[in-house]
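1. generate coordinates for the sequence data below:
(chains A, B, C and D)
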Protein chains: 4
Amino acid sequence: MLRVGIIGASGYTGVELARILATHPEVQITVATSRQYAGQPLSSVFPNLRERVDITCENLTPAELTDRADFFFTAVPHKTAMDIVPILLAAGKKVVDLSADFRIRDAAVYEKWYQKHSCPEVIKDAAYGLPELYRSQIKKCNLVANPGCYPTSITLGLAPLLRSKLIDPSTIIVDSKSGTSGAGRAAAVGSLFCEVADGFRPYKTGGTHRHIPEIEQELSALYNDDITISFTPHLLPISRGILSTIYASLDKEISEDELHGLYREAYDGETFVRICPPGVLPATQHVRGSNCCDIGMSLDKRTNRVIIMSAIDNIVKGASGQAIQNMNLMNGLPEETGLMGAPFFP
Amino acid sequence: MLRVGIIGASGYTGVELARILATHPEVQITVATSRQYAGQPLSSVFPNLRERVDITCENLTPAELTDRADFFFTAVPHKTAMDIVPILLAAGKKVVDLSADFRIRDAAVYEKWYQKHSCPEVIKDAAYGLPELYRSQIKKCNLVANPGCYPTSITLGLAPLLRSKLIDPSTIIVDSKSGTSGAGRAAAVGSLFCEVADGFRPYKTGGTHRHIPEIEQELSALYNDDITISFTPHLLPISRGILSTIYASLDKEISEDELHGLYREAYDGETFVRICPPGVLPATQHVRGSNCCDIGMSLDKRTNRVIIMSAIDNIVKGASGQAIQNMNLMNGLPEETGLMGAPFFP
Amino acid sequence: MLRVGIIGASGYTGVELARILATHPEVQITVATSRQYAGQPLSSVFPNLRERVDITCENLTPAELTDRADFFFTAVPHKTAMDIVPILLAAGKKVVDLSADFRIRDAAVYEKWYQKHSCPEVIKDAAYGLPELYRSQIKKCNLVANPGCYPTSITLGLAPLLRSKLIDPSTIIVDSKSGTSGAGRAAAVGSLFCEVADGFRPYKTGGTHRHIPEIEQELSALYNDDITISFTPHLLPISRGILSTIYASLDKEISEDELHGLYREAYDGETFVRICPPGVLPATQHVRGSNCCDIGMSLDKRTNRVIIMSAIDNIVKGASGQAIQNMNLMNGLPEETGLMGAPFFP
Amino acid sequence: MLRVGIIGASGYTGVELARILATHPEVQITVATSRQYAGQPLSSVFPNLRERVDITCENLTPAELTDRADFFFTAVPHKTAMDIVPILLAAGKKVVDLSADFRIRDAAVYEKWYQKHSCPEVIKDAAYGLPELYRSQIKKCNLVANPGCYPTSITLGLAPLLRSKLIDPSTIIVDSKSGTSGAGRAAAVGSLFCEVADGFRPYKTGGTHRHIPEIEQELSALYNDDITISFTPHLLPISRGILSTIYASLDKEISEDELHGLYREAYDGETFVRICPPGVLPATQHVRGSNCCDIGMSLDKRTNRVIIMSAIDNIVKGASGQAIQNMNLMNGLPEETGLMGAPFFP
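-> Purely as a prediction, here's the structure:
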């Protein structure tokens, strides 16, 4: 039994880690932290966990934490994470960090989009936790930077096209739509039910969203050259789900069949990437609650563009599920352990 | 491996049976029927099942079905079920019937609320599939009548009070609210998104809903005397979930503590009934996607009434999850096999 | 043109007052206050009002306010209202107060459920602003206490039955369901989209909700005797709407036709109360955005109970629309001025 | 009083026409047709209209209709409309047709995307009913082809950029999201609450949606040259609202301020187009229930692209509201009559 700690258990990624780990056969949650709810059972913060997860929130320093588990998830905001992770690593622990702090390989880029980095030297030791692209590195690492939700949907969606150099990368436009759980559990007027329900809106447009450097880093790595994209996030009146609609101009001719073949081959054997058959399009309601990324595609012959649509559950494959997938890899467990639940529909 | 057949796989209870069975370690789905989708993979009808459930819908007569599985779920409308079930039983198969056809022990009552029964002699062989009340009968039966969704939430909610004769049964009023999946997947104007979303309404008021005789049968059995209730169902703008708010006048004095103690004791050891601690109330979003029934309670000293609130996911504990719980019992498997997933929140 | 001031314009009742007044032909908004948004146009707080409402929020003392309008809506929390209203009245202004501060005629009762009252002597000068019951008093008053949302739906629903002494008032049980706008615009975790969406739950059960004394006051007045009720509020995953399902035992025999006749007669000529025809039930989606109260009814002959169902839009007839209806009456305007918009559906 | 007929009153555009006309001071609905609901009051089909709209549905031939009103809305599916409209015109009536039948000026293009046209000679007499672009033609016409919902949001969004030749039209990509009322009131599995709620998905991708020729016709007219676009529609889990996110590469340099100035000037004096101030983005919840089109914009300097975001209520400005705006113009009434209601939020 792997002894696992959740640092920052009272957010939506925290409760989702606990939910999935509750039925993971090789793991035991031995410590969970929350400043705000210290002393309360996690299941009183999140009653869905009642009689399924038996752990009480504590307010502990990183130093106090190290003995309490063998493996840690840091599910805290960026900046907070970079102060905790080095201490856990120094104590010989393995960590999946769900914040942005170790995702950007170039500290200068990180500092431009976020703030000063307190331990830039640790970044190079972190693997980027997208198993479909970095499985071998992840297996060998003590620190995995769990990808952002938008970057996961976009990188998986574009990888086959970029690797095969089929598209002109300067034409990439990504129009993404996210469920409201992506905004976290902070009490903010903009996240109130009445502000979000029965509505839809863009936010952080014009190249200002902080996931952009992460997305561009990964797309550039796949293409072996610098890529700059247009990215527009939108807020959906749903709790879970991201759908990214990705446009690019084709550099080479390709048929619908060849396109589907390219994707099926690229993700052959991948348990969590499901390629929609020709004529079928992905939908967030078909990945809900699961670690799946569903990818569909369309050719627009009138404009010589390819349209890739990629759907994930933002708090599973876009956060906690992928984190557990990484945990499995880092600990020699079968990658899909605890993650094979089918999406729930309706 | 138990070979399992789903008769009527293309409804919401069908897809939910398949979703849960997909990760059930002791079961294999060997046949699934659907007249409308015959020849299509079930996962093309329900893309959430893609690469998780590998079965193709067939249009088969009951006679053609019998060899294809050892155990059957009949997830078809009432009246259709009564024509299929006897054939499966005669072939030595075990069946959980999710329709109403074998729930009402008195065929005359059934015929008053539904229509003529074609095999009333089979009814007596059926156990009522509420394991928390009828576990030993279920284990011994070849046919289990899976309870209705409303009856499940109400019977579990009232059982401890009725058995202990604490309330005046003539004062029982049940105000229930159900998610829209309860209306099934038939294309009907009243179930369209635009008709249901952002709204709320009662239906089948004044003692006309067909679940009433089933509810009264079970409440009367618990009280050992005839009980007639008022029952008002309402339609919620959510997909999954039932919450029943149940009112009754107290016949004896009881404190909040004693009331909670009564319920904790009544359901001690029950994996799927969770008693909310004092001061905490149940919510459908805390049982979503799970086989749990959460029960909370309140005393209104101003009016000498007790209020019981009971929440389930109507297509899990109210249908497919409970059906699998029954299947486990009927086949000597641990009752909770495949059903321990914690509810999804958010 | 009546010069109107909105005190507390940045809540949901404030924006709804502004929305309705924007097309009211006899009124001009001359002042709007908000501590939090002082200096900002109200239409930048609520972009739906852009180019329709041209007023800037100010942070003013009551004394500074008095000259700025002839008529005031106080859309502030209880306790705050009682400190402002007397100053406005003393300056010769007319006021509709949307808080609870002047609804309860007995200050001792108010103080038991809320807190100490700072101007109990003003209460007797206030009319209870339910025009269908108190029209003549409202016309003569300088201060109207605008009813609570739940009390509006319940009092209108029960008035004909109580006046005609058809029911046993000790048997009244009210099961109410409210949209989330009733919780206001405060940033609270419990009102976040992810906490409310796709869910349903009761709250403040067991006779603890503060609307109870107001409801009982009005029901008792109608019955001419003290009435104590059971009342359970629930939170709906919709923004607007309250539906109250009200149960009572019949003291006299009555047919469905007579029952409908009683209600049609009781509300004959009332523009904003619509009696559902026999066989039709009310729904919040059919009153959305309007000042209507739709009432349906059902007899349960099996239990000798009557079930009344009453639907309003909680921020129109349950708050701002009714406040404007009262304003019209207090100023000699046709009662329905500005309020005849039909409900929005879908 | 203008006598107005609604042909096809039982769909969502029909009920919305009736809702708006109910408070229009210059209009009386004198006839409403519905094959399915003939003989029933329209308010029993749509209870929101109860006591606000007093008209009974009839099943009439076009010939029987002509005497019953002076002005007609044809709110029927394409193909049906082209059989009715010529008869009404021949009888000297004015018509706003809400179908696609008279929107496409080139009958060959219409026939390529839809089906054979039965009266291509009538097309040239129709004005395209986007008043902000074609006001003078609309005033003079007897037949107005009311624009599609997507085309309205996109054409208004792009008009200033195209007229000023600021963008490269070959780079235009339109990612649109629509509420479910756009799918109409037909009983279809894909429009069921449980299929749509809590989800999001694209449909008709790759240049296959029938609104494309209409959009391209209008964009080409504005640019004075042929334009081909990429267009991807998506289905939102809301009833009302379209938001189009439009991308294009800039051909000339422009600052944020100049861009906003361009739009403010282009729509100066337009009552129903509201330009969001710099830093503010449109949202469907801020136009809900109104005839407004809110337009926001963003420059992405990293990629030299402009992003235009345009929000409408698809059944008001995208259908019935715009139809009434056209009716006003065709009959010499002030354009905004009956349409000044502010959006309702929340």
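
2. ok, the longest strand seen in chain A: who's next to it in the sheet?
-> Using DSSP state E to define each element, chain A has its longest strand at strand A:167-178. If you go by DSSP bridges, strand A:167-178 pairs up with strand A:230-235 (parallel), strand A:242-250 (antiparallel).

3. looking at these, which is nearest to residue A:22?
-> strand A:242-250 (24.0 Å; Cβ to Cβ). (Each C-beta comes from the backbone N, C-alpha and C, glycine too.)

4. need the CA coordinates for that closest one. PDB is fine.
-> C-alpha atoms of strand A:242-250 as PDB (Å, rounded to 0.1, in the frame of the first residue of the first chain):
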ATOM      1  CA  ILE A 242     -13.400  21.200 -21.400                       C
ATOM      2  CA  LEU A 243     -13.900  21.200 -25.200                       C
ATOM      3  CA  SER A 244     -11.200  22.700 -27.300                       C
ATOM      4  CA  THR A 245     -12.000  23.500 -31.000                       C
ATOM      5  CA  ILE A 246      -8.700  23.800 -32.800                       C
ATOM      6  CA  TYR A 247      -8.200  25.300 -36.300                       C
ATOM      7  CA  ALA A 248      -5.200  25.100 -38.600                       C
ATOM      8  CA  SER A 249      -4.400  25.400 -42.300                       C
ATOM      9  CA  LEU A 250      -3.200  22.200 -43.900                       C
END
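
5. ok, then the element right after it?
-> helix A:256-266 (DSSP states H and E).

6. about what we covered before: got JSON lines for the strands paired with strand A:167-178, with mean neighbour count too?
-> Listed next are the strands paired with strand A:167-178 as JSON lines, based on neighbours: other Cβ atoms under 10 Å in any protein chain shown:
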{"stretch": "strand A:230-235", "mean neighbour count": "25"}
{"stretch": "strand A:242-250", "mean neighbour count": "24"}
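
7. of those, which is nearest residue B:265?
-> strand A:242-250 (45.5 Å).

8. quick one, that closest one and helix A:256-266 angle?
-> Going by axes from the mean of the first three to the mean of the last three Cα atoms, to 10 degrees, strand A:242-250 is angled at 120 degrees with respect to helix A:256-266.

9. quick check, residue A:319 in a strand?
-> No. Secondary structure of residue A:319 (DSSP: H, G, I helix; E, B strand; the rest coil): helix, not part of a strand.

10. these two touch, right, it and residue A:99?
-> No. The pair residue A:319 and residue A:99 does not pass the contact test of Cβ atoms under 8 Å, sitting 10.5 Å apart.

11. quick one: the residue lying farthest from the centre of chain A from chain C, how far?
-> Distance from the centre of chain A peaks at residue A:302, with 34.0 Å (Cα atoms, centre = their mean). Distance, residue A:302 to chain C, using Cβ to the nearest Cβ, to the nearest Å: 33 Å.

12. give me phi/psi at that residue?
-> Residue A:302 adopts backbone torsions of phi -60, psi -30, taken as degrees, to the nearest 10.

13. and it, what pLDDT?
-> Here the pLDDT value assigned to residue A:302 is 97.

14. pull the number of nearby residues for the residue nearest to it when sequence neighbours are not counted.
-> Nearest residue to residue A:302 in three dimensions, chain neighbours excluded: residue D:207, at 4.4 Å (Cβ to Cβ, 6 or more residues apart in numbering or on different chains). When neighbours are counted by other Cβ atoms under 10 Å in any protein chain shown, residue D:207 registers 19.

15. which residues touch residue D:207?
-> By Cβ atoms under 8 Å, 6 or more residues apart in numbering or on different chains, the residues touching residue D:207 are A:300, A:301, A:302, A:303, D:230, D:231.

16. okay if I get these as a markdown table plus distance to residue B:106?
-> Output for these, formatted as a markdown table (distance: Cβ to Cβ, whole Å):
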| residue | distance to residue B:106 |
| --- | --- |
| A:300 | 63 |
| A:301 | 66 |
| A:302 | 66 |
| A:303 | 68 |
| D:230 | 64 |
| D:231 | 61 |
